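Visitor: This is the structure alone, sequence omitted:
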């Protein structure tokens with residue numbers, strides 16, 4: 001049967017396009033493209049969760065290492081769509097859900113002086129990472145990524161900042177290196193900072209401030225705080241969540257300061273949708289008391305989404321570029337970690 005010509009009123013062939021079985025199947029086929037990559041990412045994430053639960057290992061570090069172990073699968077192009085979806089879209093939704101874990105009142109409980117000190121520390125730590133990176137010839141964008149991950153919330157901040165900076169400024173190998181370095185530094189800080197706070201003779205409030213203001217990962221900051229006592233744990237939680245709450249404005253500042261390039265889509269809003277959604281959920285969480293089950297599911301969802309993003313990032317990382325980075329590429333994270341600890345220690349002594 002010959003192909004039917006479009007009707008006179010159908011100037012662009014829209015009727016034929018709608019009636020075409022091939023066109024009707026296209027969205028479904030598009031969704032199916034994500035399944036292989038998401039399936040591999042999900043299995044690797046479950047393995048990381050099992051290791052973290054049974055051996056007490058840092059969850060994000062386990063996810064990243066397992067992702068790197070499966071890096072050879074990136075050669076299969078059938079996985080690319082799902083891996084890209086997990087490392088970008090799922091990451092953004094994970095950032096959105098963080099908004100349900102912080103409130104304006106938690107920040108207010110610290111007092112404006114402590115809040116201003118924490119904000120200044122974030123800027124100084126990010127600046128130190130940027131300066132060291134530029135001095136080593138690694139670029140300002142890489143230093144912003146390294147310093148920001150240390151200054152705010154470790155791997156979660158690194159993933160969020162990489163989204164703001166774009167892959168033209170920070171490639172997958174550089175992101176993976178920062179994730180490895182910041183996860184290892186956070187694990188070391190969780191083990192040593194409580195002992196150092198006791199050796200210095202800090203008060204419970206001052207020790208909690210030190211741990212919450214300097215340890216990178218949220219769970220590890222809280223774990224270190226509560227290992228010393230209830231007061232230390234509560235103070236560390238408030239300080240750490242304040243740093244997390246400053247993630248959205250930090251991302252906004254970074255996006256406004258960096259020059260635009262061809263990576264941005266024409267007509268794209270100046271503020272990404274996930275930052276707006278983060279702020280909206282933070283406002284909702286501040287204005288009403290959410291059920292405990294909602295808060296628990298939000299925390300679980302955040303952890304799961306960020307873990308999937310970390311695993312996918314490890315799988316997608318170009319290993320040949322990662323191996324070329326050398327020891328110098330970890331120096332911005334090391335320098336930012338030292339600056340963060342010294343600033344937090346000085347602030348804890350002066351404020352408490």
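Guide: Yes, it's here. Not measured: the values here are computed from a predicted model.
Visitor: Now the helix or strand residue 51 falls within: buried residues?
Guide: Per DSSP states H and E, residue 51 falls inside helix 35-55. Going by neighbour count (16 or more other CB atoms under 10 Å), the buried part of helix 35-55 is 36-38, 40-42, 44-45, 47-49, 51-52. Placement of C-beta: from N, CA and C, glycine included.
Visitor: same deal with stretch 192-209?
Guide: 193, 194, 196, 197, 202, 204, 206, 207, 208, 209.
Visitor: Repeat that for stretch 63-71.
Guide: 63, 64, 65, 66, 67, 68, 70, 71.
Visitor: how about the residues you listed, which pair is most distant?
Guide: Greatest spatial distance in these: 63 and 71, 13.2 Å, computed using CB to CB.
Visitor: overlap in contacts of these two?
Guide: residue 314 (CB atoms under 8 Å, 6 or more residues apart in numbering).
Visitor: And the pLDDT for residue 22?
Guide: The per-residue pLDDT reported for residue 22 equals 47.
Visitor: Repeat that for the one 5 residues further on.
Guide: Each residue has a pLDDT score; the one for residue 27 is 53.
Visitor: Give the rounded mean pLDDT of the longest helix along the chain.
Guide: For the chain, the helix with the greatest residue count under DSSP state H is helix 172-200. The pLDDT scores in helix 172-200 average 85.
Visitor: now the next helix or strand after it and helix 172-200, what's the angle there?
Guide: From helix 172-200 onward toward the C-terminus, using DSSP H and E, the following helix or strand is helix 204-214. Inter-element angle recorded for helix 204-214 and helix 172-200: 170 degrees (by axes from the mean of the first three to the mean of the last three CA atoms, to 10 degrees).
Visitor: List the neighbours of helix 204-214 that are in contact with it.
Guide: Helix 204-214 has contacts (CB under 8 Å, 6+ apart) with 114, 118, 121, 189, 193-194, 197-198, 202, 221, 224-225, 228-229, 231-240, 242-243, 340-341, 343-345, 347-349, 351-352.
Visitor: go with 6 Å
Guide: 193, 197, 221, 224-225, 228-229, 231-232, 235-236, 239-240, 340-341, 344-345, 348, 352 (CB atoms under 6 Å, 6 or more residues apart in numbering).
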